[in-house]
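> Structure for the following, please:
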Amino acid sequence: MLNIYTTEIRKSLSSKWFFIALGIGCTLAIVSFAANAIQDYDSMTIGLKYIDQAYMMLSPLSCFKYWIVTDYLQPATDFFFVLLPLLATLPNAWSFLSERKNGAIKNSVTRTSRKSYYAAKYLATFISGGAVVVAPIILNLVLCACLMPAYMPDIYAVIYVGIYAESLWSEIYYNAPVLYCLMFVCMNFTFAGLWASFVMSLSFFIRNRIALMVGPFLFLVFLKFFEEKLIGVVTVHPGLTPFTYLRGTGTAFFSNGYVILAEFALLIAIVVVVTLANYRKDIL
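Numbering: from 1, shown residues only. Next up is the predicted model:
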């Protein structure tokens with residue numbers, strides 16, 4: 001029984017689409033780092049000219065400030081988080097639909113139980129979706145830490161950092177920045193894995209691969225537009241889309257942990273309900 005789990009995970013982590021998504025994500029992470037490295041050099045150059053005349057705050061020059069999750073200046077950073085839901089689905093979210101269409105699912109189901117097949121598919125999709133997203137995030141943090149010192153974040157430099165009291169886990173950021181980074185890595189992994197699994201569950205209804213991948217992504221884009229142009233005009237509210245809450249800063253909306261947990265629970269519920277509703281149907 002374990003063989004199907006290891007097989008599906010290995011397939012999802014070695015597919016060409018996994019490496020394509022990983023390449024796109026890592027490229028954006030490296031570009032974001034390079035741009036921030038140039039900015040860091042310029043800031044240090046200017047600061048050293050006046051070091052004898054004024055106090056030079058080091059917190060805004062910390063690797064924790066330039067990290068892609070807390071960065072709010074670089075276009076590559078914005079582009080990465082816009083593409084994040086789409087990148088998460090590239091490795092394996094489409095595989096169930098593909099196997100149904102080409103008949104490969106027959107070989108898998110006849111060699112194991114249907115329950116094990118579904119579980120292995122969702123597990124592989126969750127892991128590959130999460131891994132392809134957090135790998136560039138971790139790469140960016142490592143690159144930043146190699147060049148920029150890990151100065152302890154200072155609340156007095158909040159205007160330069162952009163992580164205010166209402167920001168998600170702001171207290172942890174200013175007291176335990178490494179833990180803060182770990183928590184955001186885990187949250188990004190969880191969302192990416194759940195989103196990829198959610199998209200895969202839509203394979204029961206959507207028979208076109210492009211529509212399966214792009215449709216849910218466009219829904220998020222529409223939700224973001226609706227949030228900014230309509231809701232955001234009349235009220236202050238927590239961010240409703242991953243474009244907002246997967247980042248530590250850089251957005252006009254604050255993040256709320258309860259909203260995030262509710263959305264994660266909703267994704268899980270949809271996956272479970274859709275799968276159970278179609279569990280007994282003929283998938284061959």
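> which element follows the helix or strand containing V142 toward the C-terminus?
Assigned by DSSP states H and E, V142 belongs to helix 114-147. Remark: after helix 114-147, the chain's next helix or strand is helix 158-161, criterion DSSP H and E.
> next one: that following helix to chain centre, how far?
24 Å (CA atoms, centre = their mean, to the nearest Å).
> cool, stretch 257-276 as well?
16 Å.
> model confidence over that stretch, on average?
Computed over stretch 257-276, the mean pLDDT rounds to 93.
> related to what we said a few turns ago, elements contacting the helix holding V142?
On a contact count with 3 or more CB pairs under 8 Å, 6 or more residues apart in numbering; DSSP states H and E, helix 114-147 meets helix 2-14, helix 16-49, helix 63-66, helix 75-89, helix 95-102, helix 104-111, helix 177-201, helix 257-277. For every residue, glycine as well, the C-beta is placed using N, CA and C.
> Those into a markdown table, with extra columns for distance to F219 and mean neighbour count?
Formatted as a markdown table, the helices and strands packed on helix 114-147 follow (distance: least, CB to CB, whole Å; neighbours: other CB atoms under 10 Å):
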| stretch | distance to F219 | mean neighbour count |
| --- | --- | --- |
| helix 2-14 | 24 | 16 |
| helix 16-49 | 20 | 16 |
| helix 63-66 | 32 | 26 |
| helix 75-89 | 10 | 22 |
| helix 95-102 | 18 | 17 |
| helix 104-111 | 27 | 14 |
| helix 177-201 | 11 | 22 |
| helix 257-277 | 13 | 14 |
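> rewinding a little: give me the distance from the helix holding V142 to the chain's centre.
Relative to its chain's centre, helix 114-147 lies at 9 Å (CA atoms, centre = their mean).
> Same question for it: list its buried residues.
Within helix 114-147, the residues scored as buried using 16 or more other CB atoms under 10 Å are 116-137, 139-141, 143-145.
> quick one: low-confidence ranges for the stretch 151-284 of the chain?
Residues of the stretch 151-284 of the chain meeting the criterion pLDDT under 70: 230-238, 250-253, 280-284.
> Doesn't I206 belong to a helix?
No: assessed with DSSP: H, G, I helix; E, B strand; the rest coil, I206 is coil; it does not lie in a helix.
> excluding its backbone neighbours, what's nearest it?
Nearest non-adjacent residue to I206, counting by CB to CB, 6 or more residues apart in numbering: L212, 4.6 Å away.
> Could you list the buried residues of whatever helix or strand the one you found lives in?
Take DSSP H and E as the rule and L212 turns out to sit in helix 209-226. Within helix 209-226, the residues scored as buried using 16+ other CB under 10 Å are 212-213, 216-217, 220-221, 224.
> Phi first, then psi, for the closest residue to Y245 other than its chain neighbours.
Nearest non-adjacent residue to Y245, counting by CB to CB, 6+ apart: S255, 4.0 Å away. Torsion angles at S255 (phi, psi; degrees, to the nearest 10) stand at phi -100, psi 140.
> and S255, what is it in contact with?
By CB atoms under 8 Å, 6 or more residues apart in numbering, the contact set of S255 is 167-168, 238-239, 244-245.
> mind running it again at 10 Å?
Applying CB atoms under 10 Å, 6 or more residues apart in numbering to S255 gives the contacts 166-170, 187, 238-240, 244-249.
> For S32, state which of these is nearest.
Within the contacts of S255, proximity to S32 (CB to CB) peaks at R247, which comes in at 12.0 Å.
> helix/strand/coil for that closest one?
Counting by three-state DSSP, the backbone at R247 sits in coil.
> That one contacts F191, doesn't it?
No: using CB atoms under 10 Å, R247 is not in contact with F191; the gap is 11.6 Å.
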